[in-house]
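Based on what follows, work out the 3D shape:
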Amino acid sequence: MNWGSWLIWGFAGTVVLTSILAGSQGIGMTRINIPYLLGTIFTPDRDRAKFIGFFLHFGNGWLFSLVYVAAFELLHRASWWLGAAIGLVQAIFVLTMMLPILPSLHPRMANEQYGPTVVRQLEPPGFLGLHYGWQTPISVLVAHVIFGSILGAFYVMN
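Numbering: from 1, shown residues only. Next up is the predicted model:
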């Protein structure tokens, strides 16, 4: 495994992924803010949650890039299209499995069956994150495919 290449391109891919997701929210394409949702797991303070969540999301992206690199090494090839395919699979997993179960893990998120409470006020994302807008799955898919494409295109095999 080429650790230097992973560090650089895992970082770069995560920067681009995070920027696409933040930009999607900024232009009104989606209301989802993954760093905020992650941060509110640890604190109810909105400003602190955004700060904590940013670093959690960034760290997760960098760690997940290890899975991509491991796949490249296992297959003895790295290419933009292979990275994009892995990114597509990851995005589908996030949209169909992770977002719908988030309310069961999140102490401040309402769930679809019981609704909000005094403590659980965050809206649940729902299947495909559609509670945060119909374009949410598009932004998540695009961000993850580009993330994988960057890793696959630029990761240098040993």
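
thought residue 20 was touching residue 145?
No. In this structure, residue 20 is not within contact of residue 145 by C-beta atoms under 8 Å, at 9.9 Å. Just so you know, the C-beta spots here come from the backbone N, C-alpha and C atoms, and that holds for glycine as well.

So these two - more neighbours on which side?
A count of neighbours by other C-beta atoms under 10 Å puts residue 145 above the other of residue 20 and residue 145, at 22 against 19.

Can you list the low-confidence ranges for the chain?
Low-confidence segments of the chain (pLDDT under 70): 117-119.

buried stuff in the lengthiest helix in the chain?
Longest helix in the chain, counting residues (DSSP state H): helix 46-75. Within helix 46-75, the residues that count as buried by 16 or more other C-beta atoms under 10 Å are 49-50, 52-54, 56-58, 61-62, 64-65, 68-69, 71-73.

go on, stretch 134-148?
Counting neighbours by 16+ other C-beta under 10 Å, stretch 134-148 gives 135-137, 139-148 as buried.

and which of these is nearest residue 30?
Of all these, residue 30 sits closest to residue 136, with 4.1 Å by C-beta to C-beta.

Next up, the contacts around the closest one.
Counting by C-beta atoms under 8 Å, 6 or more residues apart in numbering, residue 136 makes contact with 29, 30, 31, 32, 125, 128, 129, 130.
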